[in-house]
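Enquirer: Dropping a prediction and its sequence here:
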Amino acid sequence: MCLYDLPPPTYYYPSCVTNHVELAVAQKSFLALRDLAIKNQGRLTCIAVSHSSREATWKWVDMLGGAWNVEVVIDEDRAIYAAWGLGLSNFWYMFNPTTQMQGWKEKGWLGIKVANSLQRTGSIKPDGTTNGATSTAATGTGSAPDASEGPSTVMGNKWQQAGLFAVDGRGTVIWAAKALRADDPMDLNAAAASLGF
């Protein structure tokens, strides 16, 4: 996610939907970002970056009640993530005891509903990819990531790291955080405070 203090300031969050749409932390982060965007409409630009397919992302956003004032960017090839220093994580990032316990506690994840919905509509091929072109941030079209970059599917890549950035009106990153674990929500309030919100 990202907060930009541009002519409207912006929050940039390569992770939110951005994180894997199956993760509860992605849902919580997106809803918090949406609330912040609504509260600061016209003063703050909030962006959520998703590495899931366009179809999976928008199904998930719709199930959450819509994007409202959050700009959602699809980055299936994860070029934006890479540009912001967010690569693939390691085993501990996803499967540490804290993340696993949090996963068991969380209820109401929408990832399974999104996957089931896409399977019912025939949007997912047997190899886990979609029946259409995948998208990139710049053009909206492109190809799926190389297999050497990790297992990516229509739902994204569960190994992708998450981050939160605050960027001022001059385009300078003034606050940044990289998730320590897959369930790390990062501090949206600290990012907003760094921009004066």
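Expert: In hand now; what should we look at? Being a predicted model, the structure only gives us computed values, none of them experimental.

Enquirer: Of all the residues in the helix ranked longest in the chain, which ones are buried?
Expert: With secondary structure taken from DSSP state H, the chain has its longest helix at helix 24-39. Buried residues in helix 24-39, counted by 16 or more other CB atoms under 10 Å: 24-30, 32-34, 36-37. C-betas here are computed from N, CA, C, even on glycine.

Enquirer: JSON lines please, covering those and showing pLDDT and distance to A192.
Expert: Converted to JSON lines, these look like this (pLDDT from 0 to 100; distance: CB to CB, whole Å):
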{"residue": "A24", "pLDDT": "75", "distance to A192": "22"}
{"residue": "V25", "pLDDT": "79", "distance to A192": "18"}
{"residue": "A26", "pLDDT": "83", "distance to A192": "19"}
{"residue": "Q27", "pLDDT": "86", "distance to A192": "19"}
{"residue": "K28", "pLDDT": "86", "distance to A192": "16"}
{"residue": "S29", "pLDDT": "88", "distance to A192": "13"}
{"residue": "F30", "pLDDT": "91", "distance to A192": "15"}
{"residue": "A32", "pLDDT": "92", "distance to A192": "10"}
{"residue": "L33", "pLDDT": "93", "distance to A192": "10"}
{"residue": "R34", "pLDDT": "95", "distance to A192": "13"}
{"residue": "L36", "pLDDT": "93", "distance to A192": "6"}
{"residue": "A37", "pLDDT": "93", "distance to A192": "11"}
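
Enquirer: what's the average pLDDT for the following helix or strand past the longest helix of the chain?
Expert: Per DSSP states H and E, helix 24-39 leads on to strand 45-50 as the next helix or strand towards the C-terminus. Mean pLDDT, strand 45-50: 92.

Enquirer: If you compare the directions of the very next helix or strand once past strand 45-50 and strand 45-50, what angle comes out?
Expert: Reading on from strand 45-50 to the C-terminus, the next helix or strand found by DSSP H and E is helix 54-63. If you take axes from the mean of the first three to the mean of the last three CA atoms, to 10 degrees, helix 54-63 sits at 130 degrees to strand 45-50.

Enquirer: now the angle from helix 54-63 to helix 24-39?
Expert: Using the same axes, to 10 degrees: helix 54-63 against helix 24-39 is 60 degrees.

Enquirer: Can you name the element that comes right after helix 54-63?
Expert: That would be, after helix 54-63 and using DSSP H and E, strand 70-74.

Enquirer: neighbouring strands for that next one, and are they parallel or not?
Expert: Looking at strand 70-74 with DSSP bridges, its partner strands are strand 45-50 (parallel).

Enquirer: For this structure, name the helix or strand with the lowest mean pLDDT.
Expert: strand 9-14 (a mean of 48; mean pLDDT, DSSP states H and E).

Enquirer: And what about the residue nearest to A190 when sequence neighbours are not counted, helix, strand or coil?
Expert: Nearest residue to A190 in three dimensions, chain neighbours excluded: W175, at 6.8 Å (CB to CB, 6 or more residues apart in numbering). Here W175 is recorded as strand under DSSP: H, G, I helix; E, B strand; the rest coil.

Enquirer: W175 is in contact with N189, isn't it?
Expert: No: using CB atoms under 8 Å, W175 is not in contact with N189, being 10.9 Å away.
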